[in-house]
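Undergrad: Return atomic coordinates for the entry below.
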Amino acid sequence: MNIDYQLLSPQQCRSEPLAKDTDLGFGQLRTDHIFLMDYQNGEWINARIVPYQNLQLAPGAMALHYGQSIFEGAKAFLHQDNEIYTFRLDKNCERLNQSAEILSMPTLDVDKQLQAINALLDVERLWMPTATGASMYIRPFMFATDDSLSVKPSNSYTFAVMLSPSGAYYAKGMSKSLKLLITQQYHRAVSGGTGAAKAAGNYAASLRAQQHASSVGADQVLYLDASNQYLEEVGAMNHFHITRSGELVIPEFTDTILKSITSQSILSLTNELKSLLDLTPVQKKISIKQFLADVQSGEIIEAGGFGTAAVTASVGHYILDNGEHYTVGNGEIGEKTQKLYQYYSDIQQGKQPAPDSWLVRVERIN
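TA: Numbers count the residues shown, from 1 in each chain. Sure, this is the predicted structure:
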């Protein structure tokens, strides 16, 4: 794939490395450039890196009316050798294609996605954050561009990649546990729908539930399945809990759950986690009734969430629609959860050995 580099002049873009004490937030900063590519007449064309700018869309663009819009979230890290490494980026590219298929959108070869993202990272090296716990958040996305009010798949699309130097997803980071609302009033997805896709509409549909959670003092919603019998996932991450016997339990993946790359990685680290943390990752169908009973009895000693943005978050409290409150352990961040977060973060940052192909260095081209 040939990429047309339409870069800002050296006088117009960043000329020095990002200061270590820069106030990053999460997803707020933008780098100087964006990658764009168009899909027309059955093929992807016009790959380019251009200055970060507003996108022009027809008022009738189908993404705006019928929600054909998907995205991904990945991370890159600056290691001690001063080189940039992406973390399991191929898995994000594969998942983007899975989302595309669910929403009747065209797929894009994984190799081309990787080339696009790596080229943009290479251009934006001076934007790489160096603060502890920081990373370059990578946001690939695709949306329908046909100017049509007919309800059907679009014939044209744009694929884009933007970058955001970011700190912790939750402002409190791993300094304080979260409280989740378990509600029967709202549901994230139903079987046969788009729950397994990273689709924009899924997140729009979660906002009302999130606002309700905030109104009762919760940080996010832990969704149940449509029957209100089984745990599924949290709005921005997969859920997990840890038992007295050392099982690290993640709900079984279904077509109503987005498969977190972090969860999949944890499940593939069985030997390492058993040896280092005495944890055994497993997947099970989790009854909400049994889950709450096990929290109350102390059988469940820690809980949290896995996701690219948050990495590992700790959950110390659950609240139900009727106001009932359940506390995991002492309500604080658990020892094993803290160690799990540190171990996984150390892998990403090159401080712990990573399985083959998990970390890939961004080649210097420009």
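Undergrad: Which parts of the protein are helices?
TA: 62-66, 89-102, 110-123, 200-215, 261-268, 270-277, 288-297, 335-348 (DSSP state H).
Undergrad: and those helices as TSV, adding distance to residue 20, mean pLDDT and mean neighbour count?
TA: Glycine gets a C-beta too; all of them are placed from N, C-alpha and C. Formatted as TSV, the helices of the chain follow (distance: least, CB to CB, whole Å; pLDDT from 0 to 100; neighbours: other CB atoms under 10 Å):
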stretch	distance to residue 20	mean pLDDT	mean neighbour count
helix 62-66	38	98	19
helix 89-102	25	98	20
helix 110-123	19	98	20
helix 200-215	32	95	15
helix 261-268	26	97	20
helix 270-277	29	95	15
helix 288-297	40	98	16
helix 335-348	17	96	19
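Undergrad: closest one to residue 243 among these?
TA: helix 288-297 (7.4 Å; CB to CB).
Undergrad: and the closest one, C-alpha only, in PDB?
TA: The C-alpha atoms that make up helix 288-297 are tabulated as PDB, following Å, rounded to 0.1, in the frame of the first residue of the first chain:
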ATOM      1  CA  ILE A 288     -26.100 -13.000  39.200                       C
ATOM      2  CA  LYS A 289     -27.800 -14.700  42.200                       C
ATOM      3  CA  GLN A 290     -24.700 -16.900  42.900                       C
ATOM      4  CA  PHE A 291     -22.300 -14.000  42.300                       C
ATOM      5  CA  LEU A 292     -23.900 -11.800  44.900                       C
ATOM      6  CA  ALA A 293     -24.100 -14.700  47.300                       C
ATOM      7  CA  ASP A 294     -20.400 -15.400  46.800                       C
ATOM      8  CA  VAL A 295     -19.600 -11.700  47.300                       C
ATOM      9  CA  GLN A 296     -21.600 -11.600  50.500                       C
ATOM     10  CA  SER A 297     -20.100 -14.900  51.900                       C
END
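Undergrad: what packs against that helix?
TA: strand 237-243, strand 300-307, strand 325-327 (3 or more CB pairs under 8 Å, 6 or more residues apart in numbering; DSSP states H and E).
Undergrad: can you list contacts of the first one?
TA: It stands for strand 237-243. Identification of contacts with strand 237-243 by CB atoms under 8 Å, 6 or more residues apart in numbering yields 222, 231-233, 248-251, 257-260, 262-263, 266, 279, 291, 294, 299-307, 309-310, 313, 315, 328, 334, 336-337.
Undergrad: One more pass at 6 Å, please.
TA: Outside strand 237-243, the residues that touch it by CB atoms under 6 Å, 6 or more residues apart in numbering are 233, 248-250, 260, 263, 299-307, 310, 336.
Undergrad: sorry, back to before: nearest to residue 83 among the helices of the chain would be which one?
TA: Comparing these under CB to CB, the one sitting nearest is helix 110-123, at 10.8 Å.
Undergrad: Report the separation between the residue nearest to residue 94 when sequence neighbours are not counted and residue 308.
TA: Excluding the flanking residues, the one nearest residue 94 by CB to CB, 6 or more residues apart in numbering is residue 110, at 6.1 Å. Note on residue 110: its distance to residue 308, by CB to CB, to the nearest Å, is 17 Å.
Undergrad: Check the gap between the residue nearest to residue 94 and residue 116 for me.
TA: 11 Å.
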